[in-house]
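# the following block contains a protein sequence and its predicted model.
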Amino acid sequence: QVQLQESGPGLVKTSQTLSLTCTVSGGSITTNSHFWSWIRQPPGKELEWIGYISYSGTTYYNPSLKSRTSISRDTSKNHVFLQLSSVTPEDDALYYCTKMSSTWSHDYWGQGTQVTVSS
């Protein structure tokens, strides 16, 4: 059973970089055909997909966030990282780490971590 746990600062200042870690257990992030994504949900809004990193290290980002987003990994620690630069209050959200299957379904989710951007 795969488990995901997000962690990172809950408060980030405007214009700084948001950095989150997803710790994966119960499975390797290099397992073939597994994809590890970040999704967020701003207050009162729908889920927004941020991007993913694949089992081979390939990344793909939401075009609307691509210029500010970087997703990376540490295979020795089974960690997946999210960095979002130049944050504004619009980036206030509950951030989730998910595992996607080869059919692109998000079959495992972390509990989410709230990030607030202060001015």
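Perfect, thanks for sending it. Residues are numbered from 1 along each chain as shown.

# what's the neighbour count on residue 11?
9 (other C-beta atoms under 10 Å). (Each C-beta comes from the backbone N, C-alpha and C, glycine too.)

# three-state assignment of residue 90?
helix (DSSP: H, G, I helix; E, B strand; the rest coil).

# so it touches residue 42, yeah?
Yes. The criterion here is C-beta atoms under 8 Å, and residue 90 meets it with residue 42 at 7.5 Å.

# so for those two, which sits in the more crowded spot?
Using other C-beta under 10 Å as the criterion, residue 90 and residue 42 rank with residue 42 on top: 14 against 8.

# quickly note the distance from the closest residue to the more buried one other than its chain neighbours to residue 70.
Of all residues not flanking residue 42 in the chain, residue 93 sits nearest, at 4.4 Å (C-beta to C-beta, 6 or more residues apart in numbering). Distance, residue 93 to residue 70, by C-beta to C-beta, to the nearest Å: 17 Å.

# those two: which has the busier surroundings?
Per other C-beta under 10 Å, whichever of residue 93 and residue 70 has more neighbours is residue 93, with 23 against 16.

# hang on, isn't that one packed against residue 43?
Yes. The criterion here is C-beta under 8 Å, and residue 93 meets it with residue 43 at 7.5 Å.

# the lowest-mean-pLDDT helix or strand in the chain pairs with which strands?
Across the helices and strands of the chain, mean pLDDT, DSSP states H and E gives its lowest value to strand 106-109, namely a mean of 94. The pairing partners recorded for strand 106-109 under DSSP bridges are strand 93-100 (antiparallel).

# burial count for the nearest residue to residue 28 once chain neighbours are set aside?
Once flanking residues are discounted, residue 28 sits nearest to residue 78: 6.5 Å by C-beta to C-beta, 6+ apart. Residue 78: 17 surrounding residues under other C-beta under 10 Å.

# these two touch, right, residue 78 and residue 29?
Yes. Counting by C-beta under 8 Å, residue 29 is a contact partner of residue 78 at 5.4 Å.

# give me the buried positions along stretch 109-119.
Residues 109-110, 112-113, 115, 117 are the ones in stretch 109-119 that count as buried (16 or more other C-beta atoms under 10 Å).
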